[in-house]
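**Q** sequence first, then the predicted structure:
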Amino acid sequence: MNCERFRDQMLDALQGRAPAELPLEEHVRACPTCAQEFEALKKTSALLEEWPAPEVSPYFDSRLRARLREQAAVPAGWWEWLRKPALAAAFALLMVVGVGLLIPETPQPPLAQGPTQTPLQVEVDASSAVTDLQTLDQNQDLYANFDLLDELPVQQPNP
């Protein structure tokens, strides 16, 4: 038998409840360290047997019951109900949903369906852009004063 296993069974051996198949007495004779610990435990147990237990107050039970009733009557704060696992899980779920609602959604690009889409191409007539620039350059004073723009006749586009 090893010392660790003997230490585990030492209290049972002292009270006479050790399993019969364990050779505790042989280990005490063979190991001086365990024998010394076993003797110290015997002396401590003997001292505890001699010590008189204090008398329990005759009103101990009634005072204990009254104290327990007082504690049960104290209303629990909001933190006490949060300690309960089901309510704590519900509160956590509520927090996650609330935070999820506060986070703005980023728009996701639509998924391409069918053949790949090509960007929209706009044809620009180079001559019209040049004409517009020339008109702006010639009438710079006119366009600088927006009041004059209100007096210009509106031209209707030809279809």
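**A** Received it, and whenever you're ready, just let me know what you need.
**Q** what about the chain, any weak spots by pLDDT?
**A** Low-confidence segments of the chain (pLDDT under 70): 1, 20-21, 76, 78-83, 108-127, 129, 141-152, 154, 156-159.
**Q** could you pull out the helices in it for me?
**A** 3-15, 24-30, 32-50, 60-73, 78-82, 85-102, 126-138, 140-144, 146-150 (DSSP state H).
**Q** can I assume Cys34 is in contact with Val28?
**A** Yes - here Cys34 reaches Val28: they are 6.0 Å apart, a contact under CB atoms under 8 Å. Yep, even glycine has a C-beta here, placed from its N, CA and C like the rest.
**Q** in a markdown table, list the helices of the chain along with mean neighbour count.
**A** As requested, the helices of the chain are exported to a markdown table (neighbours: other CB atoms under 10 Å):
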| stretch | mean neighbour count |
| --- | --- |
| helix 3-15 | 14 |
| helix 24-30 | 14 |
| helix 32-50 | 12 |
| helix 60-73 | 9 |
| helix 78-82 | 9 |
| helix 85-102 | 10 |
| helix 126-138 | 10 |
| helix 140-144 | 10 |
| helix 146-150 | 9 |
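**Q** what about the residue lying closest to Arg5 once chain neighbours are set aside, how many neighbours?
**A** Distances taken as CB to CB, 6 or more residues apart in numbering put Leu22 closest to Arg5, at 7.8 Å, once the chain neighbours are dropped. Other residues lying near Leu22 total 16 when counted by other CB atoms under 10 Å.
**Q** dump the residue contacts of Arg7.
**A** Counting by CB atoms under 8 Å, 6 or more residues apart in numbering, Arg7 touches 34, 37.
**Q** how about the contacts made by Gly98?
**A** Per CB under 8 Å, 6+ apart, neighbours of Gly98: none.
**Q** gap between it and Ala92?
**A** 11 Å (CB to CB, to the nearest Å).
**Q** quick revisit: overlap in contacts, Cys34 and Val28.
**A** Joint contacts of Cys34 and Val28 (CB under 8 Å, 6+ apart) are Phe6.
**Q** I would like the residues contacting stretch 33-48, please.
**A** Contacting residues not belonging to stretch 33-48 are listed as 3, 6-7, 10-11, 13-14, 27-29 [CB under 8 Å, 6+ apart].
**Q** mind putting these into JSON lines with distance to Ile103?
**A** Formatted as JSON lines, the contacts of stretch 33-48 follow (distance: CB to CB, whole Å):
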{"residue": "Cys3", "distance to Ile103": "62"}
{"residue": "Phe6", "distance to Ile103": "63"}
{"residue": "Arg7", "distance to Ile103": "59"}
{"residue": "Met10", "distance to Ile103": "62"}
{"residue": "Leu11", "distance to Ile103": "60"}
{"residue": "Ala13", "distance to Ile103": "66"}
{"residue": "Leu14", "distance to Ile103": "66"}
{"residue": "His27", "distance to Ile103": "68"}
{"residue": "Val28", "distance to Ile103": "70"}
{"residue": "Arg29", "distance to Ile103": "75"}
